[in-house]
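Trainee: let me see the structure of the following:
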Amino acid sequence: MSRVLIRFLGILWLCWWWASLGEAQTEYMKYKDPKQPVAVRVKDLLSRMSLEEKIGQMVQIDRGVANAEVMKTYFIGSVLSGGGSELLPKASAKDWVNKINEIQKGSLASRLGIPMIYGIDAVHGHNNVYNATIFPHNIGLGATRNPDLARKIGAATALEVRATGIPYVFAPCIAVCRDPRWGRCYESYSEDPKIVQEMTDIILGLQGTIPANSQRGVPYVDGKKKVAACAKHFVGDGGTIKGIDENNTVIDWHGLLSIHMPAYSASIIKGVSTVMVSYSSWNRVKMHANRDLVTGFLKDTLKFKGFVISDWQGIDRITSPPDSNYTYSVQAAIQAGIDMVMVPYKYTDFINDLMLLVKNKIIPMDRINDAVKRILLVKFTMGLFESPLADLRLVNELGSQEHRYLAREAVRKSLVLLKNGKNGTAPLLPLPKKAPRILVAGTHADNLGYQCGGWTINWQGFSGNNGTRGTSILAAISSAVDSSTQIVYRENPDADFVKSNNFAYAIVVVGESPYAEIAGDSMTLTMVDPGPSVISNVCETVKCVVVIISGRPIVIEPYLSSIEALVAAWLPGTEGQGVTDVLFGDNGFSGKLPRTWFKTVDQLPMNVGDPHYDPLFPFGFGLTTASVRDLVPRSTSSGVCLRAYMHTILVTVVISLYFTGLWKL
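Mentor: The predicted model follows:
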């Protein structure tokens, strides 16, 4: 009997032991349980992390040095593709998914299995990736004055980015460019902070619309078809002296709050997940080391709960010259409130220095815990723990026809008509599709790379039509005109050629060559040669419309008198048919200048409201035209056709005279 009792008690003990073990296992896996509140999961995971694992989460490295072993060994929290970081020539969405999953598997094999978050620049569509839809750069979107369109573009971009297995984008740029000499001015929606603030609706497209009851400042990403966004570059990057990139912004506290800060407040209300710090300084204090603004204002006052990330090698630039005292730079940046550091290569140096600073109690453990909590909060919120690996279900979203139609719509709504007719003559636009012979000229007419601008495939952009898939303006013209119209294309025709060919009209497409960041800083703001001579040779001989492809206003006044019609097309991206949609009247012009067009660079900086305001074209200017479908329908008689055409001209003349101020009511 005693043996039976002993066996029975033994079985009871085993049952109790297994039950206890199960409870312990459930407790241990709490941070992996999606039914637990995010705050509970963050707290549980943080309590299990070593110092090495915490610091690893604060590191973002470039794809070029990332592999499964590095991710597992150093507990790396994030990987990025830097500007123009091409996976391989013309890599497909599947290629990207497979590569990113390979890196992610290294993270999942680490002790706690914390997934890494992969980030990429997607500043006008998924711009690093071949075959992606390239939307107009932000300056063009600012010309549309259409936050809803920006939201739709954000949603399309999110789908294309997710199609390649990437959950995080370094966009949008919400700088307020106050001087077009700045090489990043095209990344700014406007010189007007109100327009920039309104266009932060793109975040709702990228991340999803934040629930009404959400706590202010808490990041929000609505599932696997959305991405974490990044508001950049905090703060004042668009206000540097003479527009010099990474330079000093001299402005008082009131000016900083009223001009450069409103878009950040709006972004935080809309649930933006991350904020990137600017290379620039505010009144000589480097933003990457500015604790008062990063921690004091962004985190404490604006209540931002997501994570703050540095720019590419941004902490290195805290010292002058850069990287002259790396340990101090690490200390200053982390103490300022930067949570994740875009290293991007020397991750062991960063890890070792930060470990030393913490162990010597120079940087308190509370600061490390705060940084890691923020990073984990974003990862949990976006569902990265539940779905760390990408699949191929969205690959067909990359460069989809639906997205290209949206980009085409954005192009036509972004174009600003600056002039239409000269010396009292009838307007030139819209152009007739049917003409015996027309001339297309200029450096930018048949160059998809020039059309897209910087941050396209390569960091500084590309030249030609082979960098990615799209429609050049020349190809769009060929598709738009009547089959009987002969198109003659010459990049740089001489005057004799133009005179001897009896062209009905000419379309001249000129502007800036691609650039990004400091490489685009310009004190002259001139178009690339031979743009001026093309305008002279063509427009002084035949009626011409000049289409300017540029990231900002450029010098145009010396050529204005010879130009019949002038269009600011900004950097429209891959869908050149958006340009011809309005040139030929299928849609009317509706864009308004998002920034002041100067007469001479000597006037700069000059923004609306300045006491010395004397522009060539003021902020908000833009002529409009009516939409005219098929100006010369093949099925109509010549009499009916003529009446329709004359009606169109009459409407356009009245509108043009009104907006140019020649009609006095």
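
Trainee: quick one, phi/psi of residue 209?
Mentor: The phi and psi torsions at residue 209 (degrees, to the nearest 10) take the values phi -80, psi 120.

Trainee: please tell me how far it sits from residue 154.
Mentor: The spacing between residue 209 and residue 154, counted by CB to CB, to the nearest Å, is 11 Å. C-betas here are computed from N, CA, C, even on glycine.

Trainee: can you check residue 449 too?
Mentor: Residue 449 is 24 Å from residue 154, by CB to CB.

Trainee: same question, residue 49
Mentor: Taken as CB to CB, the span from residue 49 to residue 154 is 33 Å.

Trainee: same check, this time on residue 477
Mentor: 30 Å.

Trainee: next: residue 611.
Mentor: Distance from residue 611 to residue 154, by CB to CB: 37 Å.

Trainee: how about residue 479?
Mentor: Counting by CB to CB, the gap from residue 479 to residue 154 is 28 Å.

Trainee: what about these two, which has more around it?
Mentor: For residue 479 versus residue 154, neighbours defined as other CB atoms under 10 Å are more numerous around residue 154 (28 against 11).

Trainee: does the more buried one count as helix, strand or coil?
Mentor: helix (DSSP: H, G, I helix; E, B strand; the rest coil).

Trainee: who's in contact with residue 234?
Mentor: For residue 234, the contact set (CB atoms under 8 Å, 6 or more residues apart in numbering) comprises 264, 275-278, 287, 293-294, 298, 308.

Trainee: got the phi/psi numbers for residue 471?
Mentor: Here residue 471 shows phi and psi, under degrees, to the nearest 10, equal to phi -120, psi 120.

Trainee: give me the neighbour count for the closest residue to it other than its chain neighbours.
Mentor: Nearest residue to residue 471 in three dimensions, chain neighbours excluded: residue 576, at 4.3 Å (CB to CB, 6 or more residues apart in numbering). Other residues near residue 576 number 27, with proximity taken as other CB under 10 Å.

Trainee: contact partners for residue 576?
Mentor: By CB under 8 Å, 6+ apart, the residues touching residue 576 are 411, 448, 451, 470-476.

Trainee: per-residue confidence for it?
Mentor: Note for residue 576: predicted pLDDT of 98.

Trainee: residue 84 too?
Mentor: pLDDT for residue 84: 80.

Trainee: ditto for residue 629
Mentor: On the pLDDT scale, residue 629 gets 61.

Trainee: can you get me a residue count around residue 126?
Mentor: Neighbours of residue 126 using other CB under 10 Å come to 32.

Trainee: so how far is residue 457 from it?
Mentor: Residue 126 is 11 Å from residue 457, where distance means CB to CB.

Trainee: just the helices from the stretch 201-350 of the chain, written as ranges.
Mentor: Shown for the stretch 201-350 of the chain, the helices assigned by DSSP state H, counting those that start in this stretch span residues 202-207, 253-255, 262-269, 291, 326-336, 347-359.

Trainee: reformat those as JSON lines; add mean pLDDT, mean neighbour count and distance to residue 240.
Mentor: Output for those, formatted as JSON lines (pLDDT from 0 to 100; neighbours: other CB atoms under 10 Å; distance: least, CB to CB, whole Å):
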{"stretch": "helix 202-207", "mean pLDDT": "98", "mean neighbour count": "27", "distance to residue 240": "24"}
{"stretch": "helix 253-255", "mean pLDDT": "98", "mean neighbour count": "11", "distance to residue 240": "13"}
{"stretch": "helix 262-269", "mean pLDDT": "98", "mean neighbour count": "21", "distance to residue 240": "17"}
{"stretch": "helix 291", "mean pLDDT": "98", "mean neighbour count": "16", "distance to residue 240": "21"}
{"stretch": "helix 326-336", "mean pLDDT": "98", "mean neighbour count": "21", "distance to residue 240": "19"}
{"stretch": "helix 347-359", "mean pLDDT": "98", "mean neighbour count": "17", "distance to residue 240": "27"}
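
Trainee: could you dump those helices into CSV and include distance to residue 596?
Mentor: Listed next are these as CSV, based on distance: least, CB to CB, whole Å:
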stretch, distance to residue 596
helix 202-207, 23
helix 253-255, 18
helix 262-269, 19
helix 291, 35
helix 326-336, 34
helix 347-359, 42
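
Trainee: residue 65: which of those is closest?
Mentor: The closest of these to residue 65 is helix 347-359. By CB to CB, the value is 7.3 Å.

Trainee: name the nearest residue to residue 242, ignoring sequence neighbours.
Mentor: residue 181 (5.9 Å).

Trainee: tell me the SS of residue 151?
Mentor: helix.

Trainee: contact partners for it?
Mentor: 201-202, 204-205.

Trainee: the same query, at a cut-off of 10 Å, please.
Mentor: Neighbouring residues of residue 151 by CB atoms under 10 Å, 6 or more residues apart in numbering: 199-206, 209.

Trainee: go on, residue 309?
Mentor: 58, 60, 78, 80, 119, 168, 170, 230, 232, 234, 274-277, 338-342, 375.

Trainee: point out the ones among those that are inside strands.
Mentor: 60, 78, 80, 119, 168, 230, 232, 234, 274-277, 341-342 (DSSP state E).

Trainee: turn the residues you listed into a markdown table, columns for pLDDT.
Mentor: Formatted as a markdown table, the ones in strands among the contacts of residue 309 follow (pLDDT from 0 to 100):
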| residue | pLDDT |
| --- | --- |
| 60 | 98 |
| 78 | 98 |
| 80 | 98 |
| 119 | 98 |
| 168 | 98 |
| 230 | 99 |
| 232 | 98 |
| 234 | 98 |
| 274 | 98 |
| 275 | 99 |
| 276 | 99 |
| 277 | 98 |
| 341 | 98 |
| 342 | 98 |
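
Trainee: quick check, nearest of the residues you listed to residue 566?
Mentor: residue 232 (32.5 Å).

Trainee: what number of residues lie near the closest one?
Mentor: For residue 232, using other CB under 10 Å, the count is 24.

Trainee: quickly list what it is bridged to.
Mentor: Note on residue 232: beta-bridge partners residue 173, residue 276, judged by DSSP bridges.

Trainee: which stretches of the stretch 51-200 of the chain form helices?
Mentor: Under DSSP H, counting those that start in this stretch, the stretch 51-200 of the chain gives helices at 51-57, 68-74, 93-108, 138-144, 147-163, 193-198.

Trainee: the second one - what's its average pLDDT?
Mentor: Taken as a whole, helix 68-74 carries a mean pLDDT of 98.

Trainee: what's it in contact with?
Mentor: With CB under 10 Å, 6+ apart as the test, helix 68-74 has contacts from 52-53, 55-56, 59, 61, 67, 76-77, 79, 102-111, 113-116, 347-348, 351.

Trainee: which of those residues are buried?
Mentor: 53, 55-56, 59, 61, 76-77, 79, 103-104, 106-108, 110, 114-116, 347, 351 (16 or more other CB atoms under 10 Å).

Trainee: in contact with the closest residue to residue 244 other than its chain neighbours, which residues?
Mentor: In this structure, residue 244 finds its nearest non-sequential neighbour in residue 521, 5.9 Å apart by CB to CB, 6+ apart. Applying CB under 10 Å, 6+ apart, we find residue 521 in contact with 179, 181-185, 240, 242-247, 515.
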